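K.L.:
got a predicted model here, sequence first, then my questions.
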Amino acid sequence: MSTVIQSQFYKFHDTIKLEAIDNKQVIEKRDMLIEEIKAYLKKKSEESGKPLITFSVFNQGSYPMGTGNKPANDKDDYDIDAGLLFNLSKDDYTPLEVKKWVFEALDTKQFRTVQWKKPCIRVQYIEDGFPKFHIDFAVYSDGNTDTKTYIAKGTPTISKDQVKWEISEPKRLKELINGKYTDSLDKSQFIRTIRYFKRWKDNKFDSVNGKPTGIALTALAYNGFKPYTKEYFNGQENIQDLKALIDFTNYIIGQFSWKRIEAKLPVPPYNDLFKKMTDDQCTVFKEKLQKLKEVLVAAQNEADPHEACKILKKEFGDDFPVPPKEETAQNRKRAVVGTNESA
């Protein structure tokens, strides 16, 4: 692959990746909200005379896995996921009871809304009438006799059969993703590819409905990504993000069976991450993947890096850089001269 194209992939990744400094305000708000929950539980204990219920906190989702992206447009907002590990047994409290503590502790201020979600309690911050960022608090029971961790699922308005304590290993998921590759080049390309695909789906799917989730793409990458960072025969460094993308796209297309695709979470509860998508939505997803494959192969076969990057930009969006025509022409000319001299 052209070194010019690879350099554009690096620039693209640097543009879209979400780093800790980008999430600084969100992290500060998260820490403030955690203190509000602790204060609520302390007051509850003092008023009832019952022992204080405590919890520990950990980051979950794309932020600790290093696969987060900046919002693709102004309609999207930043987010961060936090897990609250309550030191209590699921046998002593219902899922809604524990989630209600978090809801009541946080549903007290202006400039933010607090929402019940089936897997979490969401705090949404608004600025100038538009969503700015949100923080999702997943609630866990971590004081069980079987030593397992359970997540509180449900809302007050859904059917009772959907309200439950469900076994979960969120920390293990982070360990699996972060430990997939020990080689630094392979690991970096693995993370870049996940970020490329996340930006691709944000660019190609207008609605949340029918859009594959980030965790679904991450699970697919965990199962089927193949690195292209070294020469096969001599082991010399040769990083080819475009080739890795083509191979991974082929892998995803190959996971479809008739009209559907399945990708299970690699930790309990091992749920199918495409279960919520309809057959028609899965079909659209496959069609978009096939189009992506065509574009990636066309870019790979294009001799002019300028034209190749123009092709890629149509799939990945305006953040994908296109080098000036004159710059790529000079590089091609130098390559031809070098070839003649060595002949």
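P.N.:
Received it, and whenever you're ready, just let me know what you need.

K.L.:
what's residue 30 sitting at in phi/psi?
P.N.:
phi -60, psi -50 (degrees, to the nearest 10).

K.L.:
which residues of this protein score low on pLDDT?
P.N.:
Within the chain, the stretches with pLDDT under 70 are 1, 20-21, 74-75, 328-343.

K.L.:
now do the helices in it.
P.N.:
3-16, 24-48, 62-65, 95-106, 170-178, 184-204, 214-224, 241-254, 279-301, 305-316, 325-342 (DSSP state H).

K.L.:
what residues are up against the residue nearest to residue 95 when sequence neighbours are not counted?
P.N.:
Excluding its sequence neighbours, the residue lying closest to residue 95 (CB to CB, 6 or more residues apart in numbering) is residue 152, at 3.6 Å. The way it works is simple: take the backbone N, C-alpha and C, and place the C-beta from them, glycine included. By CB atoms under 8 Å, 6 or more residues apart in numbering, the contact set of residue 152 is 95, 96, 98, 99, 138, 139, 140, 141, 165.

K.L.:
recalculate using a threshold of 10 Å.
P.N.:
84, 86, 90, 93-100, 102, 118-121, 138-141, 163-166, 168 (CB atoms under 10 Å, 6 or more residues apart in numbering).

K.L.:
among the residues you listed, name the ones in strands.
P.N.:
Using DSSP state E, the subset of these located in strands is 84, 86, 120, 121, 138, 139, 140, 141, 164, 165, 166.

K.L.:
circling back: and the helices of the chain as JSON lines, adding distance to residue 71?
P.N.:
JSON lines is the format used below for the helices of the chain (distance: least, CB to CB, whole Å):
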{"stretch": "helix 3-16", "distance to residue 71": "10"}
{"stretch": "helix 24-48", "distance to residue 71": "12"}
{"stretch": "helix 62-65", "distance to residue 71": "13"}
{"stretch": "helix 95-106", "distance to residue 71": "23"}
{"stretch": "helix 170-178", "distance to residue 71": "22"}
{"stretch": "helix 184-204", "distance to residue 71": "8"}
{"stretch": "helix 214-224", "distance to residue 71": "13"}
{"stretch": "helix 241-254", "distance to residue 71": "22"}
{"stretch": "helix 279-301", "distance to residue 71": "20"}
{"stretch": "helix 305-316", "distance to residue 71": "15"}
{"stretch": "helix 325-342", "distance to residue 71": "30"}
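
K.L.:
and those helices: which comes nearest residue 156?
P.N.:
helix 95-106 (6.3 Å; CB to CB).

K.L.:
most neighbours of all the ones in strands among the contacts of residue 152, which one?
P.N.:
With neighbours taken as other CB atoms under 10 Å, the top of the ones in strands among the contacts of residue 152 is residue 121, carrying 27 neighbours.
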